[in-house]
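Undergrad: just to be clear, the model below is a prediction. Sequence and coordinates:
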Amino acid sequence: MNNEVVLESASTLHGQLQRGLGRAARRAADRPGAGEYVYDCIRRDPRWDRQCESRRLYYARLMVDLEMPTGPVAAHLFDPSDSSADGDEWRVDLALGVLADLVRLSRREAAEPLRQYAEEGGQWFDAVVELIDLEDPALTLGLDELVAARCDASDLALLIPAHRNPVIEAWAARQPSIAAALARQREAGRAARRAMATAPGRDAQSEAELLDLARRRGEGAISAIFELGRRRTLALLDLAEELLPCDGTDPDPGPSRYGGAVCRALREYGTEALPRARAWAAQRGVCADMGLSILARYGTREDVPLLMTELHDAVDRREWASAASPIEGLGRLRAGEAVPLLKSAWTESTYAYLRPRILTALTRTAPHTAEAYTVEGLWDCEEGVRLEAAQFAPITSDTRIRLQRLHHDTSEEADVRAAAGARLAA
């Protein structure tokens, strides 16, 4: 099967389903053939960033609402390409997630292909993780033998969640190797807590000592950078120019591990970093990204023209990740001139992770215009959008029913459920 993704126009139902838009979830029930579009999206994962964007619960809810059988999803799992040695490791990621969320939505029959794939599939490990996360020992009876046979100590360490899990507890009672892995994890957790309690602080070190430690990029450099950030040391701005490619000439535009630590430390600096941030934002490279991030958080009306230019360029080039900081900043500054671009980005963007920022910006900048987007957002694929929508969508008969569903749905994120419950109780 050809799994190449072709993104359809955002004006079509198929294109809206690919983007995870709430308007598509609302339209699907009235459109013949909508189910085939949903299956296509599950088979040809349309996410632009598969590590950040959410679709699984969105498509699982659509399968429930449209009363779609799980057979085509199972068939995708066991497509002949699954046995290919050079196959795409992401090929079944979305399908496995959809099946797991169907189980959470009381479609218990979805557990059968999930379990079968854990036993026979090429990406069996991912299916085992999904079954463990369901926390239902009845769905994993006998699977512990397979896991113990296939997994070494490092694999088992990846399988065991940080919190107590009834599946792992049941397996550990029967499999010595899993019991040993669980014991190692718990001891490592205790050791880490002891180390944190007894670790010497860096309060006694001077700024010069911390900067020297950071520049050597060895052991302790990361904690030195964070301590400099905690002190709001202006010399960290100079260090950023040493550790980040600020002139656009670096062949690898991403920050190093140490540069990434500087980025995180500087995001909390506040207005003191604005002069340098404005200079960086006019350049290219990671320093420009860092400058825009600081302007988004702490900039003033003076920075609106630059943020507008950056948003225009990002939308024109369809470089959606580059739109994140300008959208955040323009929303915080309530820049009304950004509203047309925000509306366009909401519909056109193939990067669903951007939409929570867009909705926040719209609710701050144009509350009346934002009402239609908050209503649509109750059906969106992204948790952040549903959370914002649950807090601000106008109460109508339709939105009240949707809020009730979000509040009572145990597959929904806890913060969204709480927000929906609070609106219903208000």
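TA: The structure has been received and is ready for your questions. Values in this document were obtained by computation on a predicted structure and should not be read as measured data.

Undergrad: list the contacts of stretch 145-164.
TA: Applying C-beta atoms under 8 Å, 6 or more residues apart in numbering, the external contacts of stretch 145-164 come out as 118-119, 124-125, 128-129, 132-133, 168, 171, 175, 177-178, 180-182, 184-185, 189. To be clear about C-beta, it is placed using only N, CA and C from the backbone, and glycine gets the same treatment.

Undergrad: how does it look with 7 Å?
TA: 119, 128-129, 132, 168, 171, 175, 177-178, 181-182, 185 (C-beta atoms under 7 Å, 6 or more residues apart in numbering).

Undergrad: can you say which of these are buried?
TA: Neighbour counting by 16 or more other C-beta atoms under 10 Å classes 128-129, 132, 168, 171, 175, 177-178, 181-182, 185 among those as buried.

Undergrad: is residue 381 in contact with residue 59, as I believe?
TA: No: in this structure residue 381 lies outside contact range of residue 59 using C-beta atoms under 7 Å: 8.2 Å.

Undergrad: format the buried ones among the contacts of stretch 145-164 as TSV; extra columns: distance to residue 282, pLDDT and secondary structure.
TA: Output for those, formatted as TSV (distance: C-beta to C-beta, whole Å; pLDDT from 0 to 100; DSSP: H, G, I helix; E, B strand; the rest coil):
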residue	distance to residue 282	pLDDT	secondary structure
128	50	96	helix
129	45	96	helix
132	49	96	helix
168	52	95	helix
171	57	96	helix
175	59	94	coil
177	57	94	helix
178	56	94	helix
181	52	93	helix
182	53	92	helix
185	48	88	helix
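
Undergrad: from those, which is closest to residue 385?
TA: residue 129 (25.8 Å; C-beta to C-beta).

Undergrad: excluding its backbone neighbours, what's nearest the closest one?
TA: Spatial nearest neighbour of residue 129, excluding adjacent residues (C-beta to C-beta, 6 or more residues apart in numbering): residue 159 at 6.6 Å.

Undergrad: what do you get for residue 274?
TA: Spatial nearest neighbour of residue 274, excluding adjacent residues (C-beta to C-beta, 6+ apart): residue 298 at 6.0 Å.

Undergrad: how far away is the closest residue to residue 68 other than its chain neighbours from residue 61?
TA: Leaving out its chain neighbours, the residue that sits closest to residue 68 by C-beta to C-beta, 6+ apart is residue 35, at 4.9 Å. Using C-beta to C-beta, to the nearest Å, residue 35 is found at 13 Å from residue 61.

Undergrad: so for those two, which sits in the more crowded spot?
TA: A direct count of neighbours by other C-beta atoms under 10 Å for residue 35 and residue 61 places residue 61 higher, at 21 against 18.

Undergrad: and that one, what does it touch?
TA: For residue 61, the contacting residues are residue 105, by C-beta under 7 Å, 6+ apart.

Undergrad: please enumerate the helices of the stretch 151-300 of the chain.
TA: For the stretch 151-300 of the chain, the helices defined by DSSP state H, counting those that start in this stretch cover 153-159, 166-174, 176-198, 207-216, 221-230, 235-243, 257-266, 274-281, 286-298.

Undergrad: most tightly packed of these?
TA: Highest mean neighbour count among the helices of the stretch 151-300 of the chain (mean count of other C-beta atoms under 10 Å): helix 286-298, with a mean of 24.

Undergrad: output the contacting helices and strands for that one.
TA: Packing partners of helix 286-298 (3 or more C-beta pairs under 7 Å, 6 or more residues apart in numbering; DSSP states H and E): helix 235-243, helix 257-266, helix 274-281, helix 324-332.

Undergrad: one more time with 10 Å
TA: The contact analysis (3 or more C-beta pairs under 10 Å, 6 or more residues apart in numbering; DSSP states H and E) places helix 286-298 against helix 235-243, helix 257-266, helix 274-281, helix 304-317, helix 324-332.

Undergrad: need the CA coordinates for the fourth one. PDB is fine.
TA: Listed next in PDB are the C-alpha coordinates belonging to helix 304-317 (Å, rounded to 0.1, in the frame of the first residue of the first chain):
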ATOM      1  CA  VAL A 304       4.700  44.600  16.700                       C
ATOM      2  CA  PRO A 305       5.900  45.600  13.200                       C
ATOM      3  CA  LEU A 306       8.800  43.100  13.400                       C
ATOM      4  CA  LEU A 307       6.500  40.300  14.700                       C
ATOM      5  CA  MET A 308       4.000  41.100  12.000                       C
ATOM      6  CA  THR A 309       6.700  40.900   9.300                       C
ATOM      7  CA  GLU A 310       7.800  37.500  10.700                       C
ATOM      8  CA  LEU A 311       4.300  36.200  10.700                       C
ATOM      9  CA  HIS A 312       3.600  37.400   7.200                       C
ATOM     10  CA  ASP A 313       6.800  35.700   6.000                       C
ATOM     11  CA  ALA A 314       6.000  32.400   7.800                       C
ATOM     12  CA  VAL A 315       2.400  32.300   6.400                       C
ATOM     13  CA  ASP A 316       3.500  33.100   2.900                       C
ATOM     14  CA  ARG A 317       6.200  30.500   3.000                       C
END
